[in-house]
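> Here's my sequence, what's the structure:
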Amino acid sequence: MRRLTKTLGTLAAAATLVLGLGGSAHASSGELVINGHTIHEPSGCILHSGPAAVSNHTDNPVFITSGRWCTGLVVGIIHPGDTRFAPFTSNILVP
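A predicted model of the protein is given here:
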């Protein structure tokens, strides 16, 4: 049941992104920190290689995607104030 809930949550987040209901087109207010590198006012698709620790200090959730250039599945959500480990080469989508 827990796995089903997680899967449905991931699908809902992906559907929100595809339908354009994930937020406005402007940059998120705040900072995103990826492996100690700070990105001010992040927006769009942020590419990185290898495993990464990602801290979200913005006002919006950000999404870890499995595909190149923020395509593919949403494999994680990092809510404002949270830090999450992206265990493989992935991309960070800031709506």
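
> Please count neighbours and contacts with C-alpha atoms only from this point.
OK.

> what's the neighbour count on the nearest residue to residue 54 once chain neighbours are set aside?
Sequence neighbours aside, residue 34 is the residue nearest to residue 54 in space, at 4.6 Å (criterion: Cα to Cα, 6 or more residues apart in numbering). Residues near residue 34, counting by other Cα atoms under 10 Å, number 21.

> Touching, residue 57 and residue 34? I think so.
No - Residue 57 lies out of contact with residue 34 (Cα atoms under 8 Å); the separation is 11.0 Å.

> So which residues of this structure form helices?
2-19 (DSSP state H).

> Check the residue nearest to residue 54 and give its pLDDT.
Listed pLDDT for residue 34 reads 94.

> residue contacts, it?
Shown in contact with residue 34 (Cα atoms under 8 Å, 6 or more residues apart in numbering): 52, 53, 54, 55.

> any idea how far residue 79 is from the last one?
Taking Cα to Cα, to the nearest Å as the measure, residue 55 and residue 79 are separated by 9 Å.

> ok, longest strand in this protein?
Across the chain, the longest stretch assigned as strand under DSSP state E is strand 52-58.

> Rounded mean pLDDT for it, please.
Strand 52-58 comes out at a mean pLDDT of 95.

> neighbours around residue 83, how many?
Neighbours of residue 83 (other Cα under 10 Å): 16.

> whoops, I mixed them up, residue 36
Residue 36: 11 neighbours (other Cα under 10 Å).
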